[in-house]
Each structure stands twice: as C-alpha cells, then as structure tokens.
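>>> Provided below are the primary sequence and the corresponding predicted coordinates.
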Amino acid sequence: MLLDYAVVRDHRDFDHLNAEALHELAVSGAPETQAAAFAATALRNPSVRAVLERLAALDLPAWFLTAGSLFQTVWSVAAGREDLTAGIRDHDLFFFDEDTSWEAEDVVIKRCLAAVDGLGVELEPRNQARVHLWYPKEWGNEIAPYRDLADAISSFAATSCCVGLSLDSGGKLTVHSTHGFRDLFNLVLRPNPLTVAPQAVYDAKAERWMREWPQLTKLPWVEPSGRR
C-alpha cells in the first residue's frame, strides 16, 4: 500500500493509540486504516524515521525496513512507553539484488551503514536474494531462494514480524504486511505458517520478547505449512 510519507509522519489522529485502541482497530478497522495506523505508529519512533529518511536518499536496489524495529515500536506504544526505542536491538534492512555475489552485497551494506552513521542505531542490511546460500550453514536446513522481498518478509517466525516500510526519494511510503495487522495490534505471538524458522527460534524469540513486553500472548507452535 502506498501512502504519503509526510502526511503519515505528521498525522495526529493515531497519537492516542494504546492497547485498547489497537485492539479496536484490529477488530473493526478497514485494512487501509490499519495500514495507516501501523505506519504512523512506527514513525513515532525517531530512529525508524531517521533510518527511513537516510535510506530514501540512496540509490538502492528494492528494499524494506522490516521486523523488530517496527513491530516492537507498536508493542511499546501499546504498553504506554515514552521511550519507543527501548528494547529494540537493531533495524533489519532487507534489499533484493539479483547479483548474489558477496562482493555486490558488501558494497550495498557499506553504503547503507555509512548513510546511518551517527544515528546511534544498529542497522542489519542483507541481500535477500542470496540468503539461501548461507542459511544452511547458519541454521542447519536448506531453503529455496526467495522470489522477492515480499517472499523474504513472509518467512519470519511469527506473523506479527512480517511487516515492512520503504520510503522513496519522492516521499512515497510503501507499507507491507504478509498477514495483515490483527495479531500485531492484539499483541499476539502466532507461529507463522510460512516461516522457514524452526520451533526453537520461535520459542527463543518469544521468551525474550515476553520478558521485554509481558503484555504479549504466545500461541503454541504449529508446524509451518510451507512458503507459497
């Protein structure tokens, strides 16, 4: 979904959001309203705004800021925290470059890290077109190559993680969510049926997240049905 970045960034209608209001949006909000609420809430985190704006100025392959810095900002808003950067370890940057050489990825990584230098954030840029090349060594099982960024974002352990924001130089903000926003707004950790991650990853992440955000509800593991 495409939104006007400046309008979403300066939108005040979602400043009141708390756990109850997010739950109401999850139940009765139109998909367009949910997407706008998600984006506006994520942009209340100054680090998210700064990273997006720095990256938008670069000539990069297709990219999304995704996962933790976004959904964890929503959780912190629901918890009533003032510091929306608290608990966020890093910012995951997914990009998709058909040149799957390490050298090409390294060039993009270095450009992205240079762009956010001085922000005090940990940025993790990774070319999703080459994940299948190193995933078996890292996690012990082989995966098929991701087809595109949407496919890569769909592979996280929990449904609430499968969200992304991307900003272009013209001020257009792209909002992506594989599973919509119901679980995210309801503070539910649900095993992602499309994940490539094993149960151990889901359990370990859920344990850490629930220590930081005890309002979360964890659902039991269900074996994934497989990527589309």
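Great, that's in hand. The shown structure was predicted, so the numbers you read here are calculated from the model rather than taken from an experiment. Residues are numbered from 1 along each chain as shown.
>>> How about residues contacting the helix or strand of the chain with the lowest mean pLDDT?
Of all helical and strand segments in the chain, the minimum by mean pLDDT, DSSP states H and E falls on helix 131-139, at a mean of 87. With contacts defined as C-beta atoms under 8 Å, 6 or more residues apart in numbering, helix 131-139 is touched by 100, 141-146, 152, 196-198, 201. All C-beta atoms are positioned from the backbone trio N, CA, C, and that covers glycine.
>>> Write the PyMOL selection for whichever of the residues you listed are buried.
Applying 16 or more other C-beta atoms under 10 Å to the contacts of helix 131-139 leaves a buried subset, and the PyMOL line that selects it is:
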select buried, resi 146+152+196+197+198
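>>> Could you tell me which of the contacts of helix 131-139 are located in helices?
152, 201 (DSSP state H).
>>> want to throw the contacts of helix 131-139 into a markdown table with distance to residue 133 and pLDDT?
A markdown table is the format used below for the contacts of helix 131-139 (distance: C-beta to C-beta, whole Å; pLDDT from 0 to 100):
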| residue | distance to residue 133 | pLDDT |
| --- | --- | --- |
| 100 | 7 | 96 |
| 141 | 14 | 81 |
| 142 | 10 | 88 |
| 143 | 10 | 91 |
| 144 | 12 | 93 |
| 145 | 9 | 95 |
| 146 | 11 | 96 |
| 152 | 13 | 97 |
| 196 | 14 | 91 |
| 197 | 17 | 91 |
| 198 | 19 | 91 |
| 201 | 19 | 94 |
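>>> List just the nearest of the contacts of helix 131-139 to residue 212.
Minimum distance to residue 212 across those is 16.9 Å, recorded for residue 201 (C-beta to C-beta).
>>> So for the closest one, what's the nearest residue that isn't a sequence neighbour?
Here the nearest residue to residue 201 in space, its sequence neighbours aside, is residue 157; by C-beta to C-beta, 6 or more residues apart in numbering that works out to 5.2 Å.
>>> Pull up the per-residue confidence for that neighbour.
Per-residue pLDDT puts residue 157 at 96.
>>> for residue 51, same thing?
98.
>>> Using CSV, list the CA coordinates for the helix or strand hosting it.
Secondary structure from DSSP states H and E places residue 51 in helix 46-56. Extracted C-alpha coordinates of helix 46-56, given in CSV (Å, rounded to 0.1, in the frame of the first residue of the first chain):
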residue,chain,number,x,y,z
PRO,A,46,12.5,8.7,15.9
SER,A,47,15.1,6.0,15.0
VAL,A,48,12.7,4.5,12.4
ARG,A,49,12.0,7.9,10.9
ALA,A,50,15.7,8.7,10.7
VAL,A,51,16.7,5.4,9.1
LEU,A,52,13.9,5.6,6.5
GLU,A,53,14.8,9.1,5.6
ARG,A,54,18.6,8.4,5.3
LEU,A,55,18.0,5.3,3.1
ALA,A,56,15.5,7.1,0.9
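>>> counting contacts, what elements does that helix pack onto?
strand 62-66, helix 68-78, strand 91-96, helix 102-115, strand 163-167 (3 or more C-beta pairs under 8 Å, 6 or more residues apart in numbering; DSSP states H and E).
>>> Export the ones you listed as CSV, with columns for distance to residue 174.
Converted to CSV, the helices and strands packed on helix 46-56 look like this (distance: least, C-beta to C-beta, whole Å):
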stretch, distance to residue 174
strand 62-66, 8
helix 68-78, 13
strand 91-96, 12
helix 102-115, 17
strand 163-167, 4
